[in-house]
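Engineer: Kindly generate the corresponding structure for this input.
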Amino acid sequence: MAIINVLLLVFFVIVSILLILIVLIQNEDGDSLGGIFAGGSGSAFGSRSGNVLTRATSILGALFLVISFSLAVINRTPASTVEQTARQENTRSLLDEVLEEQQNTPVPDANSQAAE
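Structural biologist: Take a look at the predicted model:
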């Protein structure tokens, strides 16, 4: 399970970096939504065909989402573990309180009891 976690994390970092770079490379001409609404189309096949960068951005965005959800599922903490940890902390705090009370309670001296 640890190997899958490391591999997913490596792919996640690679996809993130590639996604950032591809978004930065894209031009701001008529290929965006504003260009579609204005009627401008830079492709020979009409406005429905996306260029390579747009498709790569979509694919990398989908991979980003899938990998991030996969990492979240793999690394989640089961509810029983959280409850068990809370119980252990509560028990430790109660034990600490009991120990403090015992240390603060004066111990009767054996000589004083024998004299009575």
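Engineer: Wait, N5 touches L71, no?
Structural biologist: Yes - applying C-beta atoms under 8 Å as the test, N5 and L71 come out as touching, 7.4 Å apart. C-beta coordinates here come from the backbone N, C-alpha and C atoms, glycine included.
Engineer: who has more neighbours, the two?
Structural biologist: Neighbours per residue, other C-beta atoms under 10 Å: of N5 and L71, the larger number sits with L71, 16 against 13.
Engineer: got the contact list for the more buried one?
Structural biologist: For L71, the contacting residues are 5, 8-9, 12, by C-beta atoms under 8 Å, 6 or more residues apart in numbering.
Engineer: Buried residues, the strand or helix carrying V6. List them.
Structural biologist: When elements are defined using DSSP states H and E, V6 is found to belong to helix 2-25. In terms of neighbour count (16 or more other C-beta atoms under 10 Å), helix 2-25 has its buried residues at 8, 11-12, 15, 18-19, 22.
Engineer: swap in stretch 91-109?
Structural biologist: Across stretch 91-109, burial judged by 16+ other C-beta under 10 Å covers no residue at all.
Engineer: Of the contacts of L71, which is the nearest to E97?
Structural biologist: Taking C-beta to C-beta as the measure, E97 sits nearest to N5 out of the contacts of L71, at 39.1 Å.
Engineer: Grab the nearest non-local neighbour of M1.
Structural biologist: Sequence neighbours aside, I74 is the residue nearest to M1 in space, at 7.2 Å (criterion: C-beta to C-beta, 6 or more residues apart in numbering).
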